[in-house]
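J.: dropping a prediction and its sequence here:
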Amino acid sequence: MKIFLTISITAVLTWFAFSFIQSVRTGVEHLWLISAVKVPGKMAIEDIQKDMNEGRYDIAKAKLQIFMDTWQRFDRGADSNSGRGIGDIMVAFSKIDTNHGGQGTARPTKSVQGDTTR
């Protein structure tokens, strides 16, 4: 009877420890998902929508391309489960050259293209 009780208590304590560790891990992954993917993605989409509403289609198109490149890096690269995710998307948007070529024309600078294709 003592052996059965010892095995049962050990199994229950192991299960509680595993459940606690898994809960903490899930919480950390959820927090990372919000901070590295959900919030920057929402901000990027709102920024693209703002440019489209204001008629800056070339800028919106350039931002959309940067967003797609960043998403591919996130989806296929080492950032898919950790790292910066797409958290640097707004930094990449800020590097778009809006003064080149006249009104409504936008081109990503060389540094933006290099940053998003890692």
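T.: That came in fine, so what should we check first?

J.: scan the chain for its longest helix.
T.: helix 2-33 (DSSP state H).

J.: could I get the buried residue list for that one?
T.: Going by neighbour count (16 or more other Cβ atoms under 10 Å), the buried part of helix 2-33 is Trp32. Bear in mind the C-beta positions are built from the backbone N, C-alpha and C, glycine included.

J.: stretch 41-56 now?
T.: Quick answer for stretch 41-56 (16+ other Cβ under 10 Å): 41, 44, 47-48, 51, 56.

J.: that's a helix at Asp51, yeah?
T.: Yes. Counting by DSSP: H, G, I helix; E, B strand; the rest coil, Asp51 is located in a helix.

J.: give the contact list for it.
T.: 57, 59-60, 63 (Cβ atoms under 8 Å, 6 or more residues apart in numbering).

J.: which of the residues you listed sit farthest apart?
T.: Tyr57 and Lys63 (10.6 Å; Cβ to Cβ).
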